[in-house]
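A.B. asks: Mind looking at a prediction? Sequence and model below.
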Amino acid sequence: MKKLDSNQMGLATGGFVAGIHFLWSLLVALGVAQVLLDWIFSLHFVNNPYRVHPFDLVTCVTLLIVTFIVGYLLGWISTWLWNLTVKEK
């Protein structure tokens, strides 16, 4: 098997996780996040105990930075572990 590049995997994972949270932030900014959340909970036969806060740009940027860093670390660590177990031909 081929060894993977930890930095590339970290960037890809961090970008994906931050991208999902960007879409959530966009739903909050457009005012449809609460409706979506209520609908998802109702599909599971559960009352929604959560309320979406109003959009705040500082919170949005903080969310994206934190999720990118956590995603990067998870991608980097998982690739590092993968590379420990792979024997190159």
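C.D. replies: All right, it came through fine. Bear in mind that the values here come from a model prediction, so they are computed numbers and not experimental data.
A.B. asks: isn't Ala18 right up against Val70?
C.D. replies: No: at 9.2 Å, Ala18 and Val70 do not qualify as touching, with contact defined as Cβ atoms under 8 Å. No exception for glycine: its C-beta is placed from N, CA and C like everyone else's.
A.B. asks: what residue lies at the spatial centre of this structure?
C.D. replies: Val17 (2.6 Å; Cα atoms, centre = their mean).
A.B. asks: Let's test this: mean pLDDT of stretch 13-21, rounded?
C.D. replies: Here stretch 13-21 scores 98 as its mean pLDDT.
A.B. asks: one step back: Ala18 and Val70: which has the busier surroundings?
C.D. replies: Neighbour count, other Cβ atoms under 10 Å: between Ala18 and Val70, Ala18 has more, with 21 against 14.
A.B. asks: Can you pull the phi and psi angles for the more buried one?
C.D. replies: The phi/psi pair for Ala18 (degrees, to the nearest 10) reads phi -70, psi -40.
A.B. asks: Begin at 44 from now on, thanks
C.D. replies: Sure thing, new numbering starts at 44, so read that last one as Ala61.
A.B. asks: what comes up buried for whichever strand or helix holds Leu127?
C.D. replies: Leu127 is located in helix 100-128, with elements delineated by DSSP states H and E. For helix 100-128, a neighbour-count test (16 or more other Cβ atoms under 10 Å) marks 103, 106-107, 110-111, 114-115, 118-119, 122, 126 as buried.
A.B. asks: before we move on, the earlier item: verify the contact between the residue nearest to the centre of the chain and Leu116 for me.
C.D. replies: No: with contact defined as Cβ under 8 Å, Val60 does not count as touching Leu116 (10.3 Å).
A.B. asks: which regions of the protein lie under the pLDDT threshold?
C.D. replies: By pLDDT under 70, the low-scoring segments of the chain are 132.
A.B. asks: How about the residue nearest to the centre of the chain, nearest residue that isn't a chain neighbour?
C.D. replies: Closest residue to Val60 apart from its sequence neighbours, by Cβ to Cβ, 6 or more residues apart in numbering: Gly114 at 3.3 Å.
A.B. asks: If anything else comes up later, I'll come back, but that's it for now.
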